[in-house]
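1. The sequence and its predicted three-dimensional model are supplied below.
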Amino acid sequence: MQKLEIQGEKKLYGTIEISGSKNATLPILAATILTNKKVVISNIPIVKDVETMVELLRTLGSTIKLNKKSKKIEILNKKNLKTFAPYHLLKTMRAGVLVLGPLLSKYKIAKVSLPGGCAIGSRPINFHLSALKKMGANIKIKNGYIIASVKENLKGCLIKFPKVSVGATENVLIASCLAKGKTSLRNCSLEPEVGDLIIFLKKLGCKIKKVGKRGFDVMGIKKLKPAKHKVIFDRIETGTYIIASALTRGHIKIKNISPKIISTEISLLKKMGVNIIKKSNYIVVSCLKKLKSTSIVTKPYPGFPTDLQAQMTVLMTRAEGISKIKESIFENRFMHVSELRRMGAQIDIKGNTAKIFGNSKLNGAEVMATDLRASVCLILAGLVARNKTVVNRIYHLDRGYEKIEEKLSKCGAQIKRLR
Ligand code: UD1
């Protein structure tokens, strides 16, 4: 199994180009099931989850050209697709379940494995299923599969999600594009990745209107158009490199982003003492002052993202005083803490709140990654720790971070993959 070895205490200087967003690419790829017209998607991050989604679409019968060098995908669904999404392609990637809505909407039938993914909580898909049922689908769970069908078309109706869910919003939004009549979705996710999916769906000709604070109305249509789309930047990757620069007291220019989309993160980090200069499509991050402690609560966008919580924990170990993180999205997302403690961090956990004692000196150690964002937090810890850190089980990392060793090495990090 591959590992990453990091020699810590190196300041990072240089420029990092941010990749396209994995979490925007996955629903956009799923949405291509809706159309038989040519679709070209650019700025695709070449990471394992995207490759898995491409494999899933190919298994369904999509004709896909993936150009890894130009980061472009061309898709043309010449014929009818198959409607069976097998377990081996969904067990490592929860977003695979996003093929359910489009398959059901276009082909009226789907058999999709219940998904796997990061072990950060129980992560049910009840909101996805109850919404599709309300739209007229007949859904059963049998032998680990979702077996769904609908007589004619899915029918538009009012759907109010009980809790904000990114995946449920995306699945049902995509499904409602070919439904009969108007689907009114309420209490939706407003994550920028959902916004990017909507931009893509509109390019296909779908009729989607924002209503009120967290609502979308979708008027079902019958025919879609060909489309070209450039995927939005990865805001979680951006946040991770901002933290890397601040932690190592380096100086990094972070390119290909839109700072206004991450204004919550930027203002919080600035309050902690991180120096961030904003331009229209890049930022420059440095940190000369002592970092101040702070408190955060993870929330749906525009709140502080749960996907940056683990990385923030590492930064807080270096701040003065006690910081707090309340994780309000997932019930089991502090698994990185026990590994950070092995490196010398002092962190107490009570329920869904972590209390992080600052001014900790971290020491290199052999550690184990448990999920995608936990893996990257251990790399961040390794960058500032004394001596050597070895991060095991980095297959989690490869699901979502494009060329991380290359990007960090270019800025002076001493990091290498052990095969
Ligand atoms: C997406 C992101 C993930 C991020 C998360 C929250 C992708 C591919 N993944 O995951 O990186 O951490 O949003 O920002 O975009 N829930 C239910 N029932 C459901 C659906 C969700 O109870 O049917 C709960 C979940 O257990 C969780 C909360 O709702 O507590 C939010 O989950 P959700 O937004 O759906 O996360 P994902 O879409 O899986």
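-> Yep, that arrived. Predicted model only: the values in this text are computed from it and were never measured.

2. what's the residue in the chain positioned nearest to the ligand in contact with, if anything?
-> Nearest to the ligand, among the residues of the chain, is residue 167, at 2.8 Å (Cβ to the nearest ligand atom). Placement of C-beta: from N, CA and C, glycine included. Contacts were defined as Cβ atoms under 8 Å, 6 or more residues apart in numbering; by that measure residue 167 touches 94-95, 97-98, 125, 128.

3. so it is in which element?
-> Here residue 167, judged by DSSP states H and E, is contained in helix 166-176.

4. Pull out the CA atoms of stretch 231-244 and give them to me as CSV.
-> Provided in CSV are the C-alpha atoms of stretch 231-244 (Å, rounded to 0.1, in the frame of the first residue of the first chain):
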residue,chain,number,x,y,z
VAL,A,231,-15.8,23.1,-14.0
ILE,A,232,-15.5,25.6,-11.1
PHE,A,233,-12.3,25.6,-9.0
ASP,A,234,-12.0,23.3,-6.0
ARG,A,235,-12.6,25.5,-2.9
ILE,A,236,-11.6,22.8,-0.5
GLU,A,237,-8.3,22.3,-2.2
THR,A,238,-7.8,26.1,-2.1
GLY,A,239,-8.6,26.2,1.7
THR,A,240,-6.1,23.3,2.3
TYR,A,241,-3.3,25.2,0.6
ILE,A,242,-4.1,28.5,2.4
ILE,A,243,-3.7,26.5,5.6
ALA,A,244,-0.5,24.9,4.4
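
5. thinking again about what came up before, just checking, which helix or strand succeeds the helix holding residue 167 along the chain?
-> Taking DSSP H and E, what comes next after helix 166-176 is strand 182-186.

6. buried sites along the lowest-mean-pLDDT helix or strand in the chain?
-> Within the chain, confidence by mean pLDDT, DSSP states H and E is lowest for helix 395-398 among all helices and strands, at a mean of 91. In terms of neighbour count (16 or more other Cβ atoms under 10 Å), helix 395-398 has its buried residues at 396-398.

7. helices or strands next to it in the packing?
-> Counting contacts by 3 or more Cβ pairs under 8 Å, 6 or more residues apart in numbering; DSSP states H and E, helix 395-398 packs against helix 372-384.

8. just how off-centre is the helix it packs on within its chain?
-> Taking the mean C-alpha point of helix 372-384 and that of its whole chain, the gap between them comes to 16 Å (Cα atoms, centre = their mean, to the nearest Å).

9. Could you do stretch 192-207 as well?
-> In terms of Cα atoms, centre = their mean, the gap separating the centre of stretch 192-207 from the centre of its chain is 17 Å.

10. List the contacts of residue 295.
-> Taking Cβ under 8 Å, 6+ apart, we find residue 295 in contact with 323-326.

11. give me the beta-bridge partners of it?
-> Applying DSSP bridges to residue 295 yields these beta-bridge partners: residue 324.

12. which stretches of this protein form helices?
-> Counting by DSSP state H, the chain has these helices, from start to end: 22-31, 48-60, 87-90, 100-107, 126-134, 166-176, 192-203, 235-247, 263-272, 309-316, 335-342, 372-384, 395-398, 404-410.

13. can you redo the buried residues of helix 395-398 as JSON lines with distance to the ligand?
-> Conversion of the buried residues of helix 395-398 to JSON lines gives the following (distance: Cβ to the nearest ligand atom, whole Å):
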{"residue": "396", "distance to the ligand": "12"}
{"residue": "397", "distance to the ligand": "14"}
{"residue": "398", "distance to the ligand": "15"}
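
14. Verify the stated contact: residue 177 with residue 216.
-> No. In this structure, residue 177 sits apart from residue 216 without contact. The criterion is Cβ atoms under 8 Å, and the distance is 10.9 Å.

15. hey, what's in contact with both of the two?
-> Between them, residue 177 and residue 216 share these contacting residues under Cβ under 8 Å, 6+ apart: residue 208.

16. Neighbour count: these two, which is higher?
-> residue 177 (27 against 21; other Cβ atoms under 10 Å).

17. Spit out the contact partners of residue 229.
-> Residues near residue 229 by Cβ under 8 Å, 6+ apart: 28, 39-42, 199-200, 203.

18. number of nearby residues for residue 261?
-> Residue 261 is flanked by 18 other residues according to other Cβ under 10 Å.

19. Make 276 the first number, not 1, from now on.
-> From this message on, residue numbering opens at 276, which makes the last subject residue 536.

20. Now do the same contact list for it.
-> 467, 507-508, 510.

21. and the residues you listed near the ligand, which?
-> The subset of the contacts of residue 536 within reach of the ligand, counting by Cβ under 6 Å from any ligand atom, is empty.

22. Can you mark which positions in stretch 516-526 are buried?
-> Residues 516-523, 525-526 are the ones in stretch 516-526 that count as buried (16+ other Cβ under 10 Å).

23. pretty sure residue 694 contacts residue 277?
-> Yes. Contact status for residue 694 versus residue 277: in contact at 5.5 Å, counting by Cβ under 8 Å.

24. So the two - more neighbours on which side?
-> When neighbours are counted by other Cβ under 10 Å, residue 694 and residue 277 differ, and residue 277 comes out ahead with 13 against 6.

25. so who does the more buried one touch?
-> So residue 277 contacts 669-670, 692-694 (Cβ under 8 Å, 6+ apart).

26. could the contacts of residue 442 go into JSON lines alongside neighbour count?
-> Formatted as JSON lines, the entries for the contacts of residue 442 read as follows, by neighbours: other Cβ atoms under 10 Å:
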{"residue": "369", "neighbour count": "19"}
{"residue": "370", "neighbour count": "25"}
{"residue": "372", "neighbour count": "25"}
{"residue": "373", "neighbour count": "30"}
{"residue": "400", "neighbour count": "19"}
{"residue": "403", "neighbour count": "25"}
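
27. Same list (those) but as TSV, adding distance to the ligand.
-> Written out in TSV, the entries for those read as follows (distance: Cβ to the nearest ligand atom, whole Å):
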residue	distance to the ligand
369	5
370	4
372	8
373	8
400	4
403	5
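
28. Can you tell me which of these end up in strands?
-> When the contacts of residue 442 are checked against strands using DSSP state E, none is located there.

29. re earlier: mind telling me which of the helices of the chain the model trusts least?
-> Note on the helices of the chain: lowest mean pLDDT is at helix 670-673, with a mean of 91.

30. tally of neighbours for residue 499?
-> A count of nearby residues for residue 499, using other Cβ under 10 Å, gives 21.

31. That one against residue 481, yeah?
-> Yes. Under the criterion of Cβ under 8 Å, residue 499 makes contact with residue 481 at 7.3 Å.

32. okay, and the common contacts of the two?
-> residue 452.

33. Please consider this matter closed, and thank you.
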